[in-house]
Each structure stands twice: as structure tokens, then as C-alpha cells.
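**Q** mind folding the following:
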Amino acid sequence: MTTAPEQIRILVGYDGSPHASAAIDAGSALFPEAHAWITHLWTPPFASEPLRRRLWTGTRHIDEFVEAVEREGEREAGRLAANGVTLARAAGWAAEPLVRRVYSGEGLQLGQLALEFDTDLILLGSRGLGGAKALLGSVSDMAVHYTPRPALVVAHPLLLVEAAALPDGPVVVGWDGSAGARHACAAARRLFPARELLLVSADPTGPEPAGVPEDVGGKVTLVHLDGPHRGSSSAVAEALVTYARTQAAAVIAVGSRGRSAVREILLGSVAMATLHHSHRPVLVVPHEDVPTVEDLRL
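**A** Numbers count the residues shown, from 1 in each chain. Next up is the predicted model:
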């Protein structure tokens, strides 16, 4: 008798853009029948300039104007989230809207919500043709840096061959035997229990990485790549991305560094370089030492 896999719980950062919609499409192929919170964070004044002018003309007092702008902004934010829910449900997810008004720190807010709703991961779309090249400095970038839960970043657009790998392709895990790599491996097995894991060591200048952890389970293959990587984070990431392409991988999973303080959660250099180089979805797994909801409110 086989046990049915647990339903994956996903917090989706959604702003109504094409890359956010594409992330839902890709996420539904990777995690069929998941439960998703389509999350839209909005910052007053949300309303467009023409709408603010219309509201100002019909309002005598500044307090009434501010109230009207926030009312219209909240309505528009709810409409966007509802559109995202429609897309998610059409893709086969059990989805519900989650709308929050914020004044700053949207990326931190996403991390806090991931804890509050006890989700398995955060799903984010990236802009531009170059994988996550335009991700830096964005809300998504902050979320990837600060989330206490794994973050899956989906590049937009995916090529046909990349999209075709999503339903059943293997998962490439950047492997050096470190604690971060072990967390990435464990998260990949938990999120993709039926898939083959390819643990890829791509830095021949570093120490020989430990073997496959005994408690991983499922089909796991340890691969040592040869080549002139010279320990460069960019070269190691490039090797991971190239290998993922040759294996028609669905996802590349990488671990991030631990934190020395609440506000010093830094991605490992290989993880950041992989986000920059990859056109396939990248799963960034935080170190085990993660902040609590109270920490993220600081």
C-alpha cells in the first residue's frame, strides 16, 4: 500500500505581470494539485495618476481624498489577486487570494507570510530573458534573500524544451557535502519525492565532497564534473546550468549560506550565480538557522 504524497503548500508572489502568471503555469506543472495562496502586496497610493486626479476633483477635503485613494487601491489589489486565483484554479490548484497592504519591505513581508501560513515554499517569477538577471534589487530578490522557506524562482519565458521538462524531469542539486547542500538535497527530496536527484559536484579544486546522505531515499545519483571551473562561483554555476540542460532537468536546487544575524541572510555566491545564469527554475533553500516571524518583524 502506497501513501499518497502530502499536498504542497505554496505562497505565490503575484503582481499581475506576465512573469508572475508564467510562474503559476510552471508551478502547476511541477506541483500538480497544490494548495496556493496567490499573494498580492500593495502600497498606498496604489491608484493610477488619472484616477487620483478624478478622485481629487470630486473631493473637497484631503482626508476624504486619501480615504478614496486607499479604497480604490484596495479594490484594484483584490482584483489582481482574484485574477491570479482564476489562473491558478484553471491550472488545477486549490487557490485562494491573500492581499496585504504594506508600506515597505515587501520581500520581508513575503517571508513573514510564508511562516504565518506554514507554506512549503515561495514561488516567484523573474523578469527578462536572462534567467533572473533582472531579479536583483526587486521584491523577488529580497524575498529570496530573506525567506525562511525554500524559494522557487521561475525564469520567463521558458523555452519549449524547458517547459517540457517540468512535469517529470530530474532535479539537479548543487553538491559539495556542506550543510547548505544537505539542506538543499533534503528539500528537493521533500518537494519532489518521486523524482531522480542528481547531486552534482562541479568544483574540482575544492575538497572531495561527502557521499550521498543515507537518509535521502529515492533514486539519487552523485555526479563529479571535470573542467576548468577553478572554484569560481560563476563557473560552477555555469557548469550546473549546462549539466541541467544536458539532463533535461526540471529544476536546479542550491543551498544558501546561514545567517550570522537576523538581517544578514546572504545567499551563497554559487546560489546567486545560478540565479543569474539559469533559464530553468531555481530552488534556493535557506540554511537551517532561519528567522522566526518575530525576527522578521524587527
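**Q** per-domain residue ranges of this protein.
**A** 1-157, 167-298 (automatic domain parsing).
**Q** what about residue 6, which SS state?
**A** On the three-state scheme (DSSP: H, G, I helix; E, B strand; the rest coil), residue 6 is labelled coil.
**Q** before we move on, what about residue 169?
**A** Following three-state DSSP, residue 169 is assigned to coil.
**Q** now do the contacts for it.
**A** 195, 247, 248, 249, 250, 251 (C-beta atoms under 8 Å, 6 or more residues apart in numbering). (Each C-beta comes from the backbone N, C-alpha and C, glycine too.)
**Q** mind putting the domains of the chain into CSV with mean pLDDT?
**A** Written out in CSV, the entries for the domains of the chain read as follows (pLDDT from 0 to 100):
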stretch, mean pLDDT
domain 1-157, 80
domain 167-298, 80
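**Q** tell me the one of the contacts of residue 169 nearest residue 122?
**A** Relative to residue 122, the closest of the contacts of residue 169 is residue 251; by C-beta to C-beta it sits at 14.3 Å.
**Q** need phi/psi at the closest residue in space to residue 217 that isn't next to it in sequence.
**A** Nearest-residue entry for residue 217: residue 189, 6.2 Å, with adjacent residues in sequence omitted and distances by C-beta to C-beta, 6 or more residues apart in numbering. Main-chain torsions, residue 189, degrees, to the nearest 10: phi -70, psi -40.
**Q** do the same with residue 37
**A** As for residue 37, its main-chain torsions (degrees, to the nearest 10) stand at phi -100, psi 110.
**Q** count the residues that sit near it.
**A** Neighbour count of residue 37, defined by other C-beta atoms under 10 Å: 25.
**Q** correct me, but it touches residue 10?
**A** Yes - counting by C-beta atoms under 8 Å, residue 37 touches residue 10, with 7.3 Å between them.
**Q** what's the overlap in contacts for these two?
**A** Residues within reach of residue 37 and of residue 10 at once, by C-beta under 8 Å, 6+ apart, are residue 119.
**Q** who touches residue 269 in this structure?
**A** Residues touching residue 269, when contacts are defined by C-beta under 8 Å, 6+ apart, comprise residue 233.
**Q** can you map out the strands along the stretch 1-150 of the chain?
**A** Using DSSP state E, counting those that start in this stretch, the strands assigned to the stretch 1-150 of the chain run over residues 9-13, 35-42, 94-101, 121-125.
**Q** what does the stretch 151-298 of the chain give?
**A** In the stretch 151-298 of the chain, the segments counted as strands under DSSP E, counting those that start in this stretch are 151-154, 171-174, 197-201, 220-224, 251-255, 282-285.
**Q** which strands and helices sit next to the first one?
**A** In terms of contact count using 3 or more C-beta pairs under 8 Å, 6 or more residues apart in numbering; DSSP states H and E, strand 151-154 is assigned the packing partners helix 18-30, strand 121-125, helix 139-146, strand 282-285.
**Q** apply 10 Å and report the result again.
**A** The helices and strands touching strand 151-154, judged by 3 or more C-beta pairs under 10 Å, 6 or more residues apart in numbering; DSSP states H and E, are strand 9-13, helix 18-30, helix 106-116, strand 121-125, helix 139-146, strand 251-255, helix 269-277, strand 282-285.
**Q** same check on the second one?
**A** With contacts defined as 3+ C-beta pairs under 10 Å, 6+ apart, strand 171-174 has these neighbours: helix 179-191, strand 197-201, strand 220-224, helix 233-246, strand 251-255, helix 269-277, strand 282-285.
**Q** chain center to that strand, what's the gap?
**A** The gap between where strand 171-174 is centred and where its chain is centred comes out at 15 Å by C-alpha atoms, centre = their mean, to the nearest Å.
**Q** returning to what we had before: for the helices and strands packed on strand 151-154, which one sits closest to residue 154?
**A** Residue 154 sits nearest to helix 18-30 of all the helices and strands packed on strand 151-154, at 4.2 Å, using C-beta to C-beta.
**Q** angle of the closest one against strand 121-125?
**A** Comparing the axes of helix 18-30 and strand 121-125 via axes from the mean of the first three to the mean of the last three C-alpha atoms, to 10 degrees yields an angle of 130 degrees.
**Q** buried residues, helix 18-30. List them.
**A** Neighbour counts over helix 18-30 (16 or more other C-beta atoms under 10 Å) mark 19, 20, 21, 22, 23, 24, 25, 26, 27, 28, 29, 30 as buried.
**Q** can you name the residues that contact the closest residue to the last one other than its chain neighbours?
**A** Right, the one you point to is residue 30. With C-beta to C-beta, 6+ apart as the measure, residue 166 is the residue that lies nearest to residue 30, at 5.4 Å, once sequence neighbours are left out. Listed by C-beta atoms under 10 Å, 6 or more residues apart in numbering, the contact set of residue 166 reads 25-31, 154, 158, 249-251, 280-281.
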